[in-house]
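S.K.: My questions concern the predicted model and sequence given below.
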Amino acid sequence: MNVLMLSWRDPKHPLAGGAEQVMHEHAKGWIQAGHKVTLFSSMFAGGKKEDELDSVKIIRKGFQLLGVQICAFFWYIKNKKFDLVIDQFHGIPFFTPLYVNAPKLAVLQEVAKEVWFLNHLPKPLNWLVGGIGFIIEPFFFVPYKKVPFLVGSNSAKNDLVTIGINSKHITVIPHGVITEKIKNFPKEKKITILFLGALARDKGIEDALKTFSILKNKGTFQFWVIGKGSEEYLSFLKKEAKCLEIEESTTFWGFVSQTKKIELLKKAHILINPSIREGWGLVNIEANTMGTPVVAYNSPGLVDSVKHGVSGIICSQNTPTQMAKDVMKVLEEKNYTLFSKNSIIWSENFSWGKASVSSLKLIERISKT
């Protein structure tokens, strides 16, 4: 098949995250099976108009927030020779049911819902844009009533059902994980609590810092923050760390390579994840493969990727105070060894080999309808 994927970002985009990594791994599996994959995405500073990554052809046009959808429409009208078109939702979809006659697959990480209000626009513009997005988002799904969906968790499936998509049209394929197999997991001598993710309000980084500030009074800790964000927001976070008196014990690593990320996950004792909404929570499984348990908020996606009482703890209340209590619970000597061991066992349920085989069967079935 000749497959076209539409996405607001590609894996080389400076702000690319888990969603881009997920679809790229699926695409690699399809290419190995003999299919051809083209990814249409937005342009960014320094990006090439045409590019390639792991045999995925990349076309870049327009801006990521809205322009890419318009450019995709005009580009597709001139390049219709595709057997399957994959429409990826990132708040705003590509509305392919309105102009694509070929078989289609909609891919969703999560329904945005309250995330709309956590944009980084200045007040009161953030509330205005957030309110508009929150109100009109359900209407984005109206053209997709008969389009099959691919999601990574039951949480995402349930959200789609509540928004009006028939459950029979939704396929759940949990994400895989990219890590190396390691037998020994030497932890830092000082208890290390880690946050890993985009430095954005919806990912809960501000609650993570508050959790760190509570923990500093309960023992000797060091805190690591891995992830990228805007220079302006990073400056704000560092000021917050200073106000919370955790500046000296907190390291902001910024963006790190895959190798460095695995090294830090391996050395950390616990990953905390206070995100308010995820499609799955890939970082949780990545941490678990390194014998690092996770303490996470009771949020969509996180309740799927964290097995409560086994690979970590789901907080009974989504507050820094409760998260700090649960971190201390995991760190109890008898508990920690068991959590660490079970984290590894839980992570072995997920691989890109399994995920790409499942998605391959899905796209081949859809292309025949």
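M.R.: That came through fine.

S.K.: Touching stretch 71-84 from outside, list them.
M.R.: By C-beta atoms under 8 Å, 6 or more residues apart in numbering, the surrounding residues in contact with stretch 71-84 are 1-4, 6, 38, 40, 59, 61-62, 85, 94-95, 99-100, 102-105, 363, 366-367. The C-beta positions use only the backbone N, C-alpha and C, and glycine is treated the same way.

S.K.: Quick check: the gap between K123 and V129.
M.R.: Counting by C-beta to C-beta, to the nearest Å, the gap from K123 to V129 is 11 Å.

S.K.: Compare those two and say which one has the larger neighbour count.
M.R.: Between K123 and V129, counted using other C-beta atoms under 10 Å, V129 has the larger neighbour count: 14 against 7.

S.K.: Now do the same contact list for the more buried one.
M.R.: Neighbour list for V129: 116, 119, 121 [criterion: C-beta under 8 Å, 6+ apart].

S.K.: and M23, what is it in contact with?
M.R.: Contacts of M23 by C-beta under 8 Å, 6+ apart are 5, 7, 86, 88, 107.

S.K.: Could you report the neighbour count for D54?
M.R.: Neighbours of D54 using other C-beta under 10 Å come to 12.

S.K.: Provide the secondary structure category for the nearest residue to it once chain neighbours are set aside.
M.R.: With sequence-adjacent residues excluded and distances taken as C-beta to C-beta, 6 or more residues apart in numbering, D54 is closest to K28, at 5.4 Å. Put simply, K28 is helix when judged by DSSP: H, G, I helix; E, B strand; the rest coil.

S.K.: Show me which positions of the lowest-mean-pLDDT helix or strand in the chain end up buried.
M.R.: The weakest-scoring helix or strand in the chain, judged by mean pLDDT, DSSP states H and E, is helix 125-140 (a mean of 85). Within helix 125-140, the residues scored as buried using 16 or more other C-beta atoms under 10 Å are 126, 130, 133-134, 137, 140.

S.K.: Next SSE downstream of it?
M.R.: strand 149-151 (DSSP states H and E).

S.K.: Packing partners of that next one?
M.R.: Packed against strand 149-151, as judged by 3 or more C-beta pairs under 8 Å, 6 or more residues apart in numbering; DSSP states H and E, are the following elements: strand 104-108, helix 154-162, strand 170-172.

S.K.: nearest to V225, of those?
M.R.: Checking the helices and strands packed on strand 149-151 against V225 by C-beta to C-beta gives helix 154-162 as the closest, at 25.3 Å.

S.K.: what residues does the closest one touch?
M.R.: Residues outside helix 154-162 that contact it (C-beta under 8 Å, 6+ apart): 108-111, 113, 141, 149, 151, 167, 170, 172, 278-280, 300-301, 303-304.

S.K.: Pull out the buried members of these.
M.R.: Taking 16+ other C-beta under 10 Å as the criterion, what is buried in those is 108-111, 113, 141, 149, 151, 170, 172, 278-280, 300-301, 303-304.
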